[in-house]
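A.B. asks: I'll drop the sequence and a predicted model, then ask my questions.
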Amino acid sequence: MEEKLKTYLRPGEQVRWRGQPAPFPLLEGKIKTQILVKWIVTVVLGAVLLGVYLASNEVPSMGFVGLVALVMAVILISPVVERRNLMGMRYWVTDQRVILLTRDQTFYYMELAKIDGYQVLDGAAAEKCLVLGSCLFEEAARRLRWRACHPKTDIQGHDHPDQAMGMILYGLRDVEAVEKLLRQRHIETVA
């Protein structure tokens with residue numbers, strides 16, 4: 001992993017901090033309620049939809065039944081996939097950028113000079129999470145894990161598709177070290 005990072009760093013760019021999400025359970029903090037509600041609603045709506053469909057059709061289409069079951073399965077398994085993807089994330093702060101490497105080996109970065117603010121989320125997950133970029137402040141609490149897996153990029157910005165407008169560093173045990181580096185660059189925190 002460090003070898004891959006070396007090829008991604010710019011000439012003279014120095015790593016100041018490295019980290020990754022601390023191990024966490026599937027059902028943690030405030031996210032536990034979101035996941036349980038998602039699972040219950042999915043099962044109830046799927047059961048109602050299938051019940052109504054099967055009751056109103058003498059010869060039900062197994063294709064439709066299979067499609068509904070598949071959609072339900074994807075929704076039910078999504079928190080497990082998100083957790084797996086988060087556990088594969090790696091983070092670095094250099095003297096120029098914050099760099100994120102996803103589980104599938106895709107790099108994203110934010111220029112330190114372009115980060116317009118950050119938030120520390122405490123209590124949403126087992127460890128603190130760091131939200132970089134004001135464009136994520138409102139949605140971070142609602143879609144924390146999903147957004148941590150998917151940095152916000154400008155889909156029309158073709159020059160640098162790996163440059164993020166906002167990203168979340170999930171489950172950091174030493175968030176204070178990253179905050180110190182951000183403060184040295186005069187990036188403001190938002191409570």
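C.D. replies: Now that the structure is in, tell me what you want to look at. Numbering: from 1, shown residues only.

A.B. asks: ok, now how distant is T7 from D174?
C.D. replies: T7 is 26 Å from D174, where distance means C-beta to C-beta, to the nearest Å. No exception for glycine: its C-beta is placed from N, CA and C like everyone else's.

A.B. asks: Among the two, which residue is more densely surrounded?
C.D. replies: D174 (13 against 7; other C-beta atoms under 10 Å).

A.B. asks: Name the nearest residue to the more buried one, sequence neighbours excluded.
C.D. replies: G19 (6.6 Å; C-beta to C-beta, 6 or more residues apart in numbering).

A.B. asks: got a list of what that neighbour touches?
C.D. replies: G19 makes contact with 90-92, 169, 172-174, 178, according to C-beta atoms under 8 Å, 6 or more residues apart in numbering.

A.B. asks: Let me see the ranges of the helices in the protein.
C.D. replies: In the chain, the helices defined using DSSP state H lie at 2-8, 31-56, 62-87, 144-149, 175-184.

A.B. asks: Include mean pLDDT and distance to L121 when you put those into a markdown table, please.
C.D. replies: Compiled in a markdown table, the helices of the chain are given as follows (pLDDT from 0 to 100; distance: least, C-beta to C-beta, whole Å):
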| stretch | mean pLDDT | distance to L121 |
| --- | --- | --- |
| helix 2-8 | 86 | 26 |
| helix 31-56 | 94 | 11 |
| helix 62-87 | 95 | 14 |
| helix 144-149 | 93 | 7 |
| helix 175-184 | 90 | 9 |
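
A.B. asks: Just to check, I168 is in contact with L144?
C.D. replies: Yes: I168 lies in contact with L144 (C-beta atoms under 8 Å); the separation is 6.7 Å.

A.B. asks: intersection of neighbour lists for those two?
C.D. replies: Residues touching both I168 and L144 by C-beta under 8 Å, 6+ apart: C129.

A.B. asks: In terms of neighbours, single out the busier of the two.
C.D. replies: When neighbours are counted by other C-beta under 10 Å, I168 and L144 differ, and I168 comes out ahead with 30 against 24.

A.B. asks: for the more buried one, what are its contacts?
C.D. replies: 129-132, 136, 140, 144, 147-148, 151.

A.B. asks: Look up how far E82 lies from V43.
C.D. replies: 19 Å.

A.B. asks: the more surrounded of those two?
C.D. replies: More crowded of V43 and E82, by other C-beta under 10 Å: E82, with 20 against 13.
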